[in-house]
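**Q** Okay, sequence plus prediction incoming.
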Amino acid sequence: MSTAPAVPPSPADSDLVRAARGLPVDRTPVWFMRQAGRSLPEYRALRAGTAMLQACQDPDLVTEITLQPVRRHGVDAAILFSDIVLPLVVAGVDIEIKPGVGPVVASPVRTVADVDALPGLEPDRLDFLATAVRRLVAELGPTPLIGFAGAPFTLATYLIEGGPSKEHARTKAFMYAEPEAWTRLLERLAVSAATFLRVQVDNGASAVQLFDSWAGVLSAADYAARVLPHSRAVFDGLGDRERGERDVPRVHFGVGTGELLPLLGDVGADVVGVDWRVPLDEAARRVGPQRTLQGNLDPAVLLADRETVDREVRRVVEQGRAARGHVFNLGHGVLPETDPGVLTHVVELVHELSQR
Ligand SMILES: Cc1c2[nH]c(c1CCC(=O)O)Cc1[nH]c(c(CCC(=O)O)c1C)Cc1[nH]c(c(CCC(=O)O)c1C)Cc1[nH]c(c(C)c1CCC(=O)O)C2
């Protein structure tokens, strides 16, 4: 019998954090982007009658909604229930999330003056966030909580377009026509994203993910010159890793970023999120051996028959072995019409296939 005192398991030793750092794991960790949300009847029941951005600022609702998929699916991580536009909303920008549409901005940013008029985010307005994160960390025990923020570019698309968009033409036009105002806008968004992340890490989040969902609409050259420095500033804003300041794994994700994959890692990420378009073995070649990969099952596969689901999950697990580490996820968020039973099954299957 060992006489060493029992040390309670810590999120820092979880498979998620270990995989993100490129360390050996007991089994491949799995979580799903948008695991909390409309695919769960218990989410729909709890959210009924509360606007999305209201719910995000209520510590009781945030805690309960974040925990729902952890209890139901046995995923290896929780992700904070929030939204990428929340720091803007808390700062005082008039934004609403319209169901089935997405964030809609009352007064879009169209001029240099609009950029300069944007309010900054005061950290003392984030008490609700600190409370929610602390409660969650206490409830989760050894299961890590992933904090997140929206990357400056993706937030800029909502502010400039005024809402969701396919081409992001106004955003690109502003980027080309007003390079100085563009830089100022992205600098300001980077500052508020870093503030939002610092509060989450300081209160116990075990990893952070930066969502640059729409960065894939840019060429690699434009991304490198006009966007990358600002995303890097968000991660740098967490502190000096060499000195151990907020040294939690950093995940960087975007959709349609096949051509940008090497650059996504350069931003200072330990983990690069990959959508379903590029197989993980090819993604590992593009990203290099210094980073873990996260992904990349097509969310639409979960709507197919069980045989297809199992075949695709096996393929992703196999191809993920080419990377230095693999965090199983979807290539983008869970579709609302997904049968939650299929998500639970995927968690079990990934664990079974990867058990050491
Ligand atoms: C682009 C983006 C947004 N929000 C987010 C992104 C980046 C990730 C991505 O690319 O999907 C990030 C986000 N939004 C939400 C989370 C919570 C954590 C999670 O479970 O992943 C996260 C990480 C909750 C949410 N954010 C939203 C919901 C749905 C709200 C509802 O219940 O009606 C949830 C659970 C709303 C939202 N918010 C946004 C959109 C496009 C939508 C969908 C609108 C719709 O289809 O109704 C903006």
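**A** Done, it's in.
**Q** Can you pull the poorly scored residue ranges out of the stretch 1-150 of the chain?
**A** 1-5 (pLDDT under 70).
**Q** quick one, helices of it?
**A** 15-20, 41-47, 52-55, 59-73, 86-91, 112-117, 127-140 (DSSP state H, counting those that start in this stretch).
**Q** Please apply the same query to the stretch 151-300 of the chain.
**A** 152-161, 169-177, 179-202, 220-222, 228-236, 261-266, 280-287.
**Q** tell me which residues of the second one are tucked away?
**A** In other words, helix 169-177. 170-172, 174-175 (16 or more other CB atoms under 10 Å). (Each C-beta comes from the backbone N, C-alpha and C, glycine too.)
**Q** Determine which stretch of the helices of the stretch 151-300 of the chain is the most buried.
**A** helix 152-161 (a mean of 25; mean count of other CB atoms under 10 Å).
**Q** sorry, back to before: among the helices of the stretch 1-150 of the chain, which is nearest Asn329?
**A** helix 15-20 (10.6 Å; CB to CB).
**Q** Gly320 and Arg314 touch, don't they?
**A** No: in this structure, Gly320 is not within contact of Arg314 by CB atoms under 8 Å, at 10.6 Å.
**Q** Show me which of those two is the more surrounded one.
**A** Higher neighbour count among Gly320 and Arg314: Gly320, with 27 against 13, using other CB atoms under 10 Å.
**Q** Please name the residues that touch that one.
**A** Residues in contact with Gly320 (CB atoms under 8 Å, 6 or more residues apart in numbering) are 28, 280, 293, 326, 328.
**Q** Next, work out how far apart the fourth one and the ligand are.
**A** Between His326 and the ligand the distance, using CB to the nearest ligand atom, to the nearest Å, works out to 19 Å.
**Q** which non-adjacent residue is nearest that residue?
**A** In space, and not counting its chain neighbours, His326 is closest to Gly320: 3.4 Å by CB to CB, 6 or more residues apart in numbering.
**Q** Neighbours of the closest residue to Met33 other than its chain neighbours, how many?
**A** Excluding its sequence neighbours, the residue lying closest to Met33 (CB to CB, 6+ apart) is Gly333, at 4.4 Å. Counted with other CB under 10 Å, the neighbours of Gly333 add up to 18.
**Q** before we move on, what SS does Gly333 have?
**A** With DSSP: H, G, I helix; E, B strand; the rest coil as the basis, Gly333 sits in coil.
**Q** contacting residues for it?
**A** Gly333 neighbours (CB under 8 Å, 6+ apart): 32-34, 37, 299.
**Q** same thing but at 10 Å, please
**A** 32-35, 37, 39, 211, 213, 255, 299 (CB atoms under 10 Å, 6 or more residues apart in numbering).
**Q** Could you do Phe253 as well?
**A** Contacts of Phe253 by CB under 10 Å, 6+ apart are 33, 148, 151, 209-213, 215, 264, 269, 271-275, 294-295, 329, 331-332.
**Q** ditto for Ala78
**A** Counted by CB under 10 Å, 6+ apart, Ala78 has contacts 11, 31, 35-36, 63, 66-71, 136-137, 139-140, 143-146, 205-206.
**Q** can you do 6 Å?
**A** 66, 70, 140, 145 (CB atoms under 6 Å, 6 or more residues apart in numbering).
**Q** The ligand versus the residue lying closest to Pro262 once chain neighbours are set aside, what's the distance?
**A** Once flanking residues are discounted, Pro262 sits nearest to Arg286: 5.5 Å by CB to CB, 6+ apart. Taking CB to the nearest ligand atom as the measure, Arg286 falls 20 Å from the ligand.
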